[in-house]
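> My questions concern the predicted model and sequence given below.
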Amino acid sequence: MNTLIALDEGVITDKVIFKWDGKDKGWEAWNKDQTLKSAFGFSCVWCYQQIASKVGNARYFKHFTQINYGNGKTGPDVQRFWLDGDLKISALQQIDFIRKVYEEELPYAKKDITALKHIMIQDSNDNYTLYAKTGWSQKIGWFVGFVDTKSGPWLFALNIDMPDIKQAPIRKKIVVETLQAKNIL
């Protein structure tokens, strides 16, 4: 949602380059210039904090209300609302949002939804394309998205207790193994 809002509001384009300031950001993958795809894929907090500063609370509230996104709250620091702010969203609400992304039923330009889908691609072959976004906040890990197969889409939203970021790979592993067990992948 954050990416769609930024694209819609014109604070970034799908060609944006986030320039690293040379300061250690706490994770090696963040310590370099970022494209939109890498910022999204690495959940590059400093990139999305730049976006949030440019969008601002008022425009976030407008978008959250427009599509009924989660509880629609940001909290006192717009640069952290998705990390430890007041935004809350359930797995079912995530599924509803992901369905709208897949079906392109959101009130955003097709080019912006296409750009979002492009940066969501995690894996692709002749049988399927896996689109997803990771998340980690307040010791909860997320992996949400959809698999587009020849038989149609399969949507998913996983949230798990994840007290340590070192556990991050388990999010995707659980989803992939579940989709394999169901013969979707």
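Cool, got the structure. Numbers count the residues shown, from 1 in each chain.
> beta partners of the most centrally placed residue in the chain?
Computing the C-alpha centroid of the chain and ranking residues by Cα atoms, centre = their mean puts K133 first, at 4.3 Å. K133 forms beta bridges with V144, as assigned by DSSP bridges.
> hang on, it packs against I121?
No: contact between K133 and I121 fails when scored by Cβ atoms under 8 Å: they sit 11.0 Å apart. The C-beta positions use only the backbone N, C-alpha and C, and glycine is treated the same way.
> quick one: what helix or strand has D8 in it?
Assessed by DSSP states H and E, D8 sits inside helix 2-9.
> For the residue nearest to S137 when sequence neighbours are not counted, give me phi and psi.
Closest residue to S137 apart from its sequence neighbours, by Cβ to Cβ, 6 or more residues apart in numbering: L83 at 5.0 Å. With angles defined as degrees, to the nearest 10, L83 sits at phi -90, psi -60.
> quick check: longest helix of this structure.
helix 45-67 (DSSP state H).
> any idea of the pLDDT on D84?
Per-residue pLDDT puts D84 at 87.
> Please apply the same query to I165.
Taking I165 on its own, its pLDDT is 80.
> Ok, S43 next?
pLDDT, S43: 93.
> where along the protein do the helices fall?
2-9, 36-41, 45-67, 91-103, 110-120, 169-181.
> can you put those helices in a markdown table and add mean neighbour count and distance to Y128?
Output for the helices of the chain, formatted as a markdown table (neighbours: other Cβ atoms under 10 Å; distance: least, Cβ to Cβ, whole Å):
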| stretch | mean neighbour count | distance to Y128 |
| --- | --- | --- |
| helix 2-9 | 20 | 22 |
| helix 36-41 | 20 | 18 |
| helix 45-67 | 17 | 27 |
| helix 91-103 | 16 | 13 |
| helix 110-120 | 16 | 14 |
| helix 169-181 | 14 | 9 |
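> Make JSON lines from these and add distance to A29 to it.
Formatted as JSON lines, the helices of the chain follow (distance: least, Cβ to Cβ, whole Å):
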{"stretch": "helix 2-9", "distance to A29": "18"}
{"stretch": "helix 36-41", "distance to A29": "8"}
{"stretch": "helix 45-67", "distance to A29": "11"}
{"stretch": "helix 91-103", "distance to A29": "24"}
{"stretch": "helix 110-120", "distance to A29": "15"}
{"stretch": "helix 169-181", "distance to A29": "14"}
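> out of these, nearest to S137?
Closest to S137 of the helices of the chain is helix 45-67 (Cβ to Cβ; 10.3 Å).
> Just want the angle from that closest one to helix 2-9.
70 degrees (axes from the mean of the first three to the mean of the last three Cα atoms, to 10 degrees).
> For helix 45-67, output the C-alpha coordinates as CSV.
In CSV, the C-alpha atoms belonging to helix 45-67 read as follows (Å, rounded to 0.1, in the frame of the first residue of the first chain):
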residue,chain,number,x,y,z
VAL,A,45,13.3,1.3,6.1
TRP,A,46,15.3,4.4,5.3
CYS,A,47,13.9,4.5,1.7
TYR,A,48,10.3,4.2,2.9
GLN,A,49,10.9,6.8,5.6
GLN,A,50,11.9,9.2,2.9
ILE,A,51,8.7,8.3,1.1
ALA,A,52,6.6,8.7,4.2
SER,A,53,8.0,12.2,4.9
LYS,A,54,7.0,13.3,1.4
VAL,A,55,3.5,11.8,1.5
GLY,A,56,2.6,13.0,5.0
ASN,A,57,-0.2,12.0,7.4
ALA,A,58,-3.0,13.8,5.6
ARG,A,59,-2.5,12.0,2.3
TYR,A,60,-2.0,8.6,4.0
PHE,A,61,-5.3,9.1,5.9
LYS,A,62,-7.0,9.9,2.6
HIS,A,63,-5.8,6.8,0.9
PHE,A,64,-6.4,4.5,3.9
THR,A,65,-10.0,5.8,4.1
GLN,A,66,-10.5,5.5,0.3
ILE,A,67,-9.7,1.8,0.3
